[in-house]
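> any chance you can model this:
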Amino acid sequence: MEESAKNFFENYLKDENICVSSLDEFITQDTLNILIEEKNNTKLNKIVQNYKNKYKDVDLIFVCSLYYENYLKGINKLTKLISIPYNIGFYDNNNIFATRIIHGETGCYQCLENQILQKFDGYIEDYVSEMDSEKQVFDIKNYGVLISIIKSEIEELNLYSDTELRGNVLHFYLPTYEYNFDKNRIQSDCSVCSTINNILFKEQNMKACNILAEVLGNDKYQE
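Numbers count the residues shown, from 1 in each chain. Modelled structure (predicted):
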């Protein structure tokens, strides 16, 4: 979460036996750039191994403004690479979103972003740049709703190791108190999920090739 929200969450989650960190404490800007650019495999593999060792048995929950979209994208890639589920809650000016992501089974953050963009004109960068011009301050209105969702998620994870937000998206629109509860489906044009699909396809293709080679080999001996 943003530094401005850290004290708020530490105060209200102090009895939950969890560690609260700011986004910068969890992941540095340099690490974020390496994850997003994917140009240095050596550094990328080192990052993956470090985070896997540290967080493989930890329930991760991320909360922030859509202003920090790059962090959401980087964390999405990181959690996919280390193969761990996570929860996110984020907001723009009047919209609040929350979901639980299981890579390869549910849609990821990128899938969710693609679904959100269907409701807006232009690109996400244009949408976020409008927020860029406004000073980012702690917003008790949005975080008040998010803290309730997070506390409920923590309770469910402690009891059942999973929650009703698994593969689902909760969307609140505060001005009119409207809300939706919908699926976060894997999108065919998602670059993050398609990597998983390509890997699975290659594995299936290799198995098919091995079977074919075995059949051809048997035919040869029969001749």
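> find the centremost residue of this structure, please.
Centroid-nearest residue in the chain, with CA atoms, centre = their mean: N76, separated by 3.8 Å.
> roughly how far apart are it and E38?
Counting by CB to CB, to the nearest Å, the gap from N76 to E38 is 13 Å. Glycine gets a C-beta too; all of them are placed from N, C-alpha and C.
> measure stretch 75-91 end to end?
Criterion CA to CA, to the nearest Å; first-to-last residue distance in stretch 75-91 is 16 Å.
> pLDDT on that stretch, on average?
The average pLDDT for stretch 75-91 rounds to 95.
> change the start of the numbering to 180 and stick with it
Noted, 180 is the first residue going forward, which turns the last one into stretch 254-270.
> how far is that stretch from where the chain is centred?
3 Å (CA atoms, centre = their mean, to the nearest Å).
> hang on, the earlier thing: element containing the residue nearest to the centre of the chain, please.
If you go by DSSP states H and E, N255 is part of helix 248-260.
> now I197
In the assignment (DSSP H and E), I197 maps to no helix and no strand.
> now swap in Y230 and tell me
Using DSSP H and E, Y230 sits in helix 220-234.
> give the pairing partners of the very next helix or strand once past that helix; include direction for each.
Per DSSP H and E, helix 220-234 leads on to strand 239-244 as the next helix or strand towards the C-terminus. Next to strand 239-244 in the sheet, as set by DSSP bridges, lie strand 265-270 (parallel).
> now the strand it pairs with against helix 220-234, angle please.
Between the axes of strand 265-270 and helix 220-234, defined by axes from the mean of the first three to the mean of the last three CA atoms, to 10 degrees, the angle is 100 degrees.
> in strand 265-270, what counts as buried?
For strand 265-270, a neighbour-count test (16 or more other CB atoms under 10 Å) marks Y265, N266, I267, G268, F269, Y270 as buried.
> got TSV for the residues you listed, with distance to D361 too?
Below are the buried residues of strand 265-270 laid out as TSV (distance: CB to CB, whole Å):
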residue	distance to D361
Y265	19
N266	16
I267	15
G268	16
F269	16
Y270	17
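> looking at the residues you listed, which is nearest F360?
F360 lies nearest to G268 out of the buried residues of strand 265-270, by CB to CB, at 14.3 Å.
> hmm, back to that, quick check: the residue nearest to the centre of the chain touching L291?
No: using CB atoms under 8 Å, N255 makes no contact with L291, being 9.2 Å away.
> what's the next secondary structure element after the host helix or strand of R279?
Using DSSP H and E, R279 falls within strand 274-280. Sequence order places helix 288-296 as the next helix or strand after strand 274-280, per DSSP H and E.
> hey, C-alpha coordinates of that following helix in PDB?
Extracted C-alpha coordinates of helix 288-296, given in PDB (Å, rounded to 0.1, in the frame of the first residue of the first chain):
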ATOM      1  CA  TYR A 288      -4.700  -8.300 -12.600                       C
ATOM      2  CA  GLN A 289      -4.100  -7.700 -16.400                       C
ATOM      3  CA  CYS A 290      -7.200  -9.600 -17.200                       C
ATOM      4  CA  LEU A 291      -9.200  -7.500 -14.800                       C
ATOM      5  CA  GLU A 292      -7.700  -4.300 -16.100                       C
ATOM      6  CA  ASN A 293      -8.700  -5.300 -19.600                       C
ATOM      7  CA  GLN A 294     -12.300  -5.800 -18.400                       C
ATOM      8  CA  ILE A 295     -12.300  -2.500 -16.700                       C
ATOM      9  CA  LEU A 296     -11.000  -0.700 -19.800                       C
END
